[in-house]
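# A structural model of the following input is requested.
(chains A and B)
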Protein chains: 2
Amino acid sequence: MSAINTIPPQTGAAFEIGKGDILTVIDPFGKQVSDMVLFNKADKKEKISSGKTMDFEETILLTKGNYLWSNRSQKMMEIIEDTNGRNDFLLAPCSPETFQIMYNNPSYHPSCLENLNKNLLQFDIEIDDIPTAFNIFMNVQFDKEGKLKVLPPTSKEGDLIRFKAEMDLIVGLTACSAEDSNGGIFKPIHFIVTTSEGIIKDIPDFNKSS
Amino acid sequence: MSAINTIPPQTGAAFEIGKGDILTVIDPFGKQVSDMVLFNKADKKEKISSGKTMDFEETILLTKGNYLWSNRSQKMMEIIEDTNGRNDFLLAPCSPETFQIMYNNPSYHPSCLENLNKNLLQFDIEIDDIPTAFNIFMNVQFDKEGKLKVLPPTSKEGDLIRFKAEMDLIVGLTACSAEDSNGGIFKPIHFIVTTSEGIIKDIPDFNKSS
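Okay, the predicted model is just below:
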């Protein structure tokens, strides 16, 4: 058992955490995005909501002190630490069509949506039930006309974000597969789950991507 | 049969429109928001997605020339006219909890989510399946730090937005119930559906809110 769980480049993971547990997501090499979705373990129709989160938190940019809210207006997680400070909750996870439409690439390309889907199926969560993800370390810039631009992440080697679970959760997490979001190089994502007392939890068999 | 369909203040509607049909949403008195959600009539698991729309359109502010996209990366509607030019796709529809949490009002309060739910049930669409709505005429301002502020709409008497359907759709539409979003006064919303040849379509029994 290792404290650190590794999500290989362009893959994903899904696992359960309990209320009060702390999830730490680490960018081990820098400039790597991780997409995260959340479901209430007790009732998977309750899930993370970008619209409810931006509404209750009254901000587009979410960092330490902000909560992530569900479609049923319940708190799912609190962000308790954020060493980088730039995360995105505007854009949907990259999908096969992202590469066909935006990258003009008709060939097969791994994507966060596919990797979330592969890993969440074990919890009977279907692809259409996957909402807009909280895009950790993603550097989406907006100007005052609202125009959006995806720049390489500002995260450096070892930057991390730490979440406290407000309910029992199913977590989907990726090492993002989109060239433009990750400075052109695909790297792994690390994560650690601890109890509120700091005891490391073993997360077996979390990666069904390959 | 009247050309103009009226959604009374603080209520909603749901109805079907065909591919190629034109939906016109009108603010008859000014400063009134209307929340809109869309579902693919042929498969209701496909629905409007704020995350996919902002991703493909590369903008927070959507107006004439922009498309509204689904969670399956398909175009659902094109905005073909927009006389006001300020719509929001960041914030979720107001819900009972919006008034409890943000307005500190523990009493019953009508909401867009409840009104969408009441009207969409006839199409077997459940409350948890209602996504972040496209908030027509809603004036959400953001600063460069991403802080959000809801101001009264800039829409004037008779302002309208016109959409062309890119597939057969189920449409949910409201006259919004939130004080802050509507300049403190609740007004009706009007809508008209025409075929691509300009023939007005009758939309019977569209309001099950009261």
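
# what about stretch A:132-147, near chain B?
Yes: on the criterion Cβ under 8 Å from any Cβ of the partner chain, stretch A:132-147 is in touch with chain B at A:Thr132, A:Ala133, A:Phe142, A:Lys144, A:Glu145, A:Gly146, A:Lys147. Where C-beta positions appear, they are placed from N, C-alpha and C, glycine not excepted.

# Format the residues you listed as a markdown table; extra columns: neighbour count.
Below are those laid out as a markdown table (neighbours: other Cβ atoms under 10 Å in any protein chain shown):
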| residue | neighbour count |
| --- | --- |
| A:Thr132 | 27 |
| A:Ala133 | 29 |
| A:Phe142 | 21 |
| A:Lys144 | 10 |
| A:Glu145 | 8 |
| A:Gly146 | 17 |
| A:Lys147 | 13 |
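
# Now do the contacts for A:Phe191.
By Cβ atoms under 8 Å, 6 or more residues apart in numbering or on different chains, the contact set of A:Phe191 is A:Ile4, A:Asn5, A:Ile7, A:Ala13, A:Leu23, A:Thr24, A:Val25, A:Ile26, A:Leu173, A:Ile203.

# Going by distance to chain B, which of the residues you listed wins?
Checking the contacts of A:Phe191 against chain B by Cβ to the nearest Cβ gives A:Leu173 as the nearest, at 17.0 Å.

# what's the burial count for the closest one?
28 (other Cβ atoms under 10 Å in any protein chain shown).

# Return the residues of chain A in contact with chain B.
Within reach of chain B by Cβ under 8 Å from any Cβ, chain A has these residues: A:45-46, A:49-52, A:54-56, A:58-61, A:71-73, A:90-93, A:95, A:97-98, A:101-102, A:126, A:128, A:131-133, A:142, A:144-149.

# So what would you say the end-to-end distance of stretch A:23-31 is?
Start-to-end span of stretch A:23-31 (Cα to Cα, to the nearest Å) is 20 Å.

# if we can go back for a sec, just the buried residues from the contacts of A:Phe191, in PyMOL please.
Buried residues among those (16 or more other Cβ atoms under 10 Å in any protein chain shown), as a PyMOL selection:
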select buried, chain A and resi 5+7+13+23+24+25+26+173+203
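
# I'd like the list of the contacts of A:Phe191 that fall within strands, please.
A:Asn5, A:Ile7, A:Ala13, A:Leu23, A:Thr24, A:Val25, A:Ile26, A:Leu173 (DSSP state E).

# can you put these in a markdown table and add pLDDT?
Putting these into a markdown table (pLDDT from 0 to 100) gives the following:
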| residue | pLDDT |
| --- | --- |
| A:Asn5 | 97 |
| A:Ile7 | 97 |
| A:Ala13 | 98 |
| A:Leu23 | 98 |
| A:Thr24 | 98 |
| A:Val25 | 98 |
| A:Ile26 | 98 |
| A:Leu173 | 98 |
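
# coming back round to it: any chance of the residues of stretch A:132-147 next to chain B in JSON lines, with secondary structure too?
Formatted as JSON lines, these follow (DSSP: H, G, I helix; E, B strand; the rest coil):
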{"residue": "A:Thr132", "secondary structure": "coil"}
{"residue": "A:Ala133", "secondary structure": "coil"}
{"residue": "A:Phe142", "secondary structure": "strand"}
{"residue": "A:Lys144", "secondary structure": "coil"}
{"residue": "A:Glu145", "secondary structure": "coil"}
{"residue": "A:Gly146", "secondary structure": "coil"}
{"residue": "A:Lys147", "secondary structure": "strand"}
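
# Nearest to A:Phe39, out of those: which one, please.
Nearest to A:Phe39 among these is A:Ala133, at 12.0 Å by Cβ to Cβ.

# What's the first helix or strand after the worst-scoring helix or strand of chain A on mean pLDDT?
Within chain A, confidence by mean pLDDT, DSSP states H and E is lowest for helix A:96-101 among all helices and strands, at a mean of 90. Following helix A:96-101 in sequence order, the next helix or strand is helix A:112-120 (DSSP states H and E).

# average pLDDT for that following helix?
For helix A:112-120, mean pLDDT rounds to 97.

# Report the distance from the helix or strand following that helix to the chain centre.
Next helix or strand after helix A:112-120 toward the C-terminus (DSSP H and E): strand A:134-136. Mean-position distance between strand A:134-136 and its chain equals 4 Å (Cα atoms, centre = their mean, to the nearest Å).

# helices or strands up against strand A:134-136?
Contact partners of strand A:134-136 among helices and strands, from 3 or more Cβ pairs under 8 Å, 6 or more residues apart in numbering or on different chains; DSSP states H and E: strand A:34-40.

# got the angle between the helix or strand following the strand it packs on and helix B:112-120?
Per DSSP H and E, strand A:34-40 leads on to helix A:50-57 as the next helix or strand towards the C-terminus. Counting by axes from the mean of the first three to the mean of the last three Cα atoms, to 10 degrees, helix A:50-57 lies at 150 degrees to helix B:112-120.

# ok, and what's touching helix A:50-57?
Helix A:50-57 has contacts (Cβ under 8 Å, 6+ apart) with A:60, A:62, A:66-71, A:73, A:89-90, A:131-132, A:134, B:50-51, B:90-93, B:98, B:101-102, B:131-133, B:148.

# who touches the residue sitting furthest away from the middle of chain A in this structure?
Distance from the C-alpha centroid of chain A peaks at A:Glu145, with 27.0 Å (Cα atoms, centre = their mean). Neighbouring residues of A:Glu145 by Cβ under 8 Å, 6+ apart: B:Thr59, B:Leu61.

# Same check on A:Met36?
A:Val25, A:Ile48, A:Ala133, A:Phe134, A:Asn135, A:Ile136, A:Val171, A:Gly172, A:Leu173, A:Thr174.

# Can you select the buried ones among those for me in PyMOL?
Here is the PyMOL command that selects only those of the contacts of A:Met36 that count as buried (16+ other Cβ under 10 Å):
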select buried, chain A and resi 25+48+133+134+135+136+171+172+173+174
